[in-house]
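In: Below is the structure, and that's it, no one-letter string:
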């Protein structure tokens, strides 16, 4: 949703606007977020803001799109086939990396919360919808590759398997973001390991029982 006008924002002003808006949306929600408060905090005039963006919704879309892309770059998400070459080690590494980034950089915690805000623009064609769809496509390809090399069970339809895995990921993500302020490092680590264990029990091939069991 980034427009050519928004792209012309000087880098320092753009970064401040994205950070300020992400904090505002995450703190008070989409409906209560104040565009005037964001503009004032950034030291911008209204005319300057509207030179680059048309509305609060367009700002929300820009924040989600740009900060989600920035998070993905920091995560260094591998190609699905490369990921599946060592599926479970890479899964644990990726979850650990995500937890480390969230703890170190509150900005990404803010944008994560934006995905779950009531009445925020999340329908078809929005930045949230695009980010979720891209994550689902990546997960589909990773699961398919993992099924091909035996790291992932293949007794379920692929789309159902992806739906279940994505539901687990989103449930852990939403709960963690809501309670992050109450979690210390040790609790965050235990939660990440529980998330990894839940996914592994859900997706790893079923172990054949030993004879006589």
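Out: Arrived safely. Quick caveat, the model's predicted, so the values are computed rather than measured.

In: What ranges does this structure have for its helices?
Out: For the chain, helices defined by DSSP state H occupy the ranges 4-7, 11-28, 35-41, 46-52, 56-75, 80-84, 87-104, 106-114, 127-148, 158-179, 185-203.

In: Would you format these as CSV with mean neighbour count, distance to residue 121 and mean pLDDT included?
Out: From N, CA and C alone the C-beta is placed, and that goes for glycine too. Shown next, in CSV, are the helices of the chain (neighbours: other C-beta atoms under 10 Å; distance: least, C-beta to C-beta, whole Å; pLDDT from 0 to 100):
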stretch, mean neighbour count, distance to residue 121, mean pLDDT
helix 4-7, 12, 16, 75
helix 11-28, 18, 11, 95
helix 35-41, 15, 14, 96
helix 46-52, 14, 18, 93
helix 56-75, 19, 5, 94
helix 80-84, 18, 28, 96
helix 87-104, 16, 23, 92
helix 106-114, 21, 10, 93
helix 127-148, 18, 7, 96
helix 158-179, 15, 18, 95
helix 185-203, 15, 28, 94
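
In: Columns distance to residue 120 on top of those helices, output as CSV?
Out: Below are those laid out as CSV (distance: least, C-beta to C-beta, whole Å):
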stretch, distance to residue 120
helix 4-7, 19
helix 11-28, 8
helix 35-41, 14
helix 46-52, 20
helix 56-75, 7
helix 80-84, 29
helix 87-104, 20
helix 106-114, 7
helix 127-148, 7
helix 158-179, 13
helix 185-203, 24
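
In: For the most centrally placed residue in the chain, give me its contacts.
Out: Closest to where the C-alpha atoms of the chain average out (C-alpha atoms, centre = their mean) is residue 112, at 5.5 Å. By C-beta atoms under 8 Å, 6 or more residues apart in numbering, the contact set of residue 112 is 102, 173, 177.

In: JSON lines for those, including distance to residue 46?
Out: JSON lines is the format used below for those (distance: C-beta to C-beta, whole Å):
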{"residue": "102", "distance to residue 46": "33"}
{"residue": "173", "distance to residue 46": "35"}
{"residue": "177", "distance to residue 46": "31"}
